[in-house]
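Enquirer: 3D, please:
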Amino acid sequence: MRLVRLLVVLGIIVTGMAESLVVRLLVRGRWTRIRRQNLVSRRCARLLLRVIGVTVRTEGREDTAPGNCLIVANHLSYIDLAVMMAARRSCFVTSVEMRETPGLGWVCALVGCLFVENRNWRRLRHEIQEVAAALRDGLDVVVYPEATSGNGDGVLPFHRALFKSAVLAQRTVQVACINYPAVEGADRDDVFWYGEMDFLPHLWRLLGRERVEVVLSWLEVLPPDADTRRLRDTSYERVSARFRPCVNA
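Expert: Coordinates of the predicted model:
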């Protein structure tokens, strides 16, 4: 059964990549192309969640931003990306290291992710402008300010650089929190993907679970305050207050 699920998952990914490649070849205009790729990604994300056995409970729909915005959330697994894609059509900001990850890097490139190099300030300044341009063009952009995925012990410190994009574009910041309430310390490595874990072995372990429950909480919507430190700190406080740690026993 697990092997069948793996083949179905890989089939969905390959089919989505093929569709996104066609869009990339035929559609002109970067942001228009990413919008079309987002449609493909959202459909594939919903299928993947169903096949993997992920159920999503959403809280705080009344707190979502009415227009396009910069979405910031904590990060624990590649499952988070599918949950966000399924919930709200968005493009994602991810690291250059992710682009270099075999398999996942190709998927990220074809679904229209924006890549950032957090260790290179000159490059990062250009990438902040790119994210701002996407926001100005009406796209929702998802950022994980931890700049990596965590192991569930808690929310890692937020970096503030990409909050500047919301200020430049004068778009609100939508704060969100992701929890995995049924994951306990002993089996968290089957779900959370962090550190030096390889993608395919982790996916194989994940598919061994019958189901995974995710709670997506939409929290506060923050105005584009010129003080990016305050934006970062407020976002971090809201996410940390809602997050439920998964301590390894």
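Enquirer: From here on, just use CA atoms for contacts and neighbour counts.
Expert: Noted.
Enquirer: can you give me the helices for the protein?
Expert: 2-26, 30-52, 79-87, 96-99, 104-110, 121-136, 163-169, 199-206, 228-242 (DSSP state H).
Enquirer: and these, which is most packed in?
Expert: helix 163-169 (a mean of 23; mean count of other C-alpha atoms under 10 Å).
Enquirer: partner strands of the strand ranked longest in the chain, parallel or antiparallel?
Expert: Assignment by DSSP state E gives strand 212-222 as the longest strand of the chain. Strand pairing for strand 212-222, determined by DSSP bridges: strand 54-59 (parallel), strand 173-179 (antiparallel).
Enquirer: circling back to that earlier point, could you provide the helices of the chain in a markdown table, with additional columns for distance to Asn151 and mean pLDDT?
Expert: As requested, the helices of the chain are arranged in a markdown table below (distance: least, C-alpha to C-alpha, whole Å; pLDDT from 0 to 100):
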| stretch | distance to Asn151 | mean pLDDT |
| --- | --- | --- |
| helix 2-26 | 24 | 91 |
| helix 30-52 | 20 | 92 |
| helix 79-87 | 13 | 93 |
| helix 96-99 | 17 | 68 |
| helix 104-110 | 19 | 69 |
| helix 121-136 | 26 | 87 |
| helix 163-169 | 24 | 96 |
| helix 199-206 | 14 | 92 |
| helix 228-242 | 14 | 97 |
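Enquirer: Compile these into a markdown table and extend it with columns for distance to Gly60.
Expert: Putting the helices of the chain into a markdown table (distance: least, C-alpha to C-alpha, whole Å) gives the following:
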| stretch | distance to Gly60 |
| --- | --- |
| helix 2-26 | 30 |
| helix 30-52 | 20 |
| helix 79-87 | 12 |
| helix 96-99 | 30 |
| helix 104-110 | 28 |
| helix 121-136 | 23 |
| helix 163-169 | 22 |
| helix 199-206 | 28 |
| helix 228-242 | 12 |
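Enquirer: Mind checking the ones you listed for the one nearest to Val191?
Expert: Closest approach to Val191 among the helices of the chain is made by helix 199-206 (5.8 Å; C-alpha to C-alpha).
Enquirer: Only C-alpha atoms, please: export that closest one in CSV.
Expert: Taking Å, rounded to 0.1, in the frame of the first residue of the first chain, the C-alpha atoms of helix 199-206 are listed here in CSV:
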residue,chain,number,x,y,z
PHE,A,199,13.6,14.0,0.9
LEU,A,200,12.8,10.6,-0.5
PRO,A,201,13.6,8.5,2.6
HIS,A,202,11.5,10.9,4.7
LEU,A,203,8.6,10.8,2.2
TRP,A,204,8.7,7.0,2.5
ARG,A,205,8.4,7.1,6.3
LEU,A,206,5.6,9.7,6.0
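Enquirer: Run the angle between that helix and helix 2-26 for me.
Expert: Helix 199-206 and helix 2-26 are oriented at 130 degrees to each other (axes from the mean of the first three to the mean of the last three C-alpha atoms, to 10 degrees).
Enquirer: Pull the contacting residues for the nearest residue in space to Glu213 that is not next to it in sequence.
Expert: Counting by C-alpha to C-alpha, 6 or more residues apart in numbering, Thr55 is the residue found nearest to Glu213 once chain neighbours are left out, at 5.0 Å. With C-alpha atoms under 8 Å, 6 or more residues apart in numbering as the criterion, the residues that contact Thr55 are Leu49, Arg211, Val212, Glu213, Val214.
Enquirer: And the pLDDT at Thr55?
Expert: Thr55 carries a pLDDT score of 95 in this model.
Enquirer: distance of it from Arg61?
Expert: 17 Å (C-alpha to C-alpha, to the nearest Å).
Enquirer: these two touch, right, Val175 and Val72?
Expert: Yes. Contact criterion C-alpha atoms under 8 Å: Val175 and Val72 qualify, at 5.2 Å.
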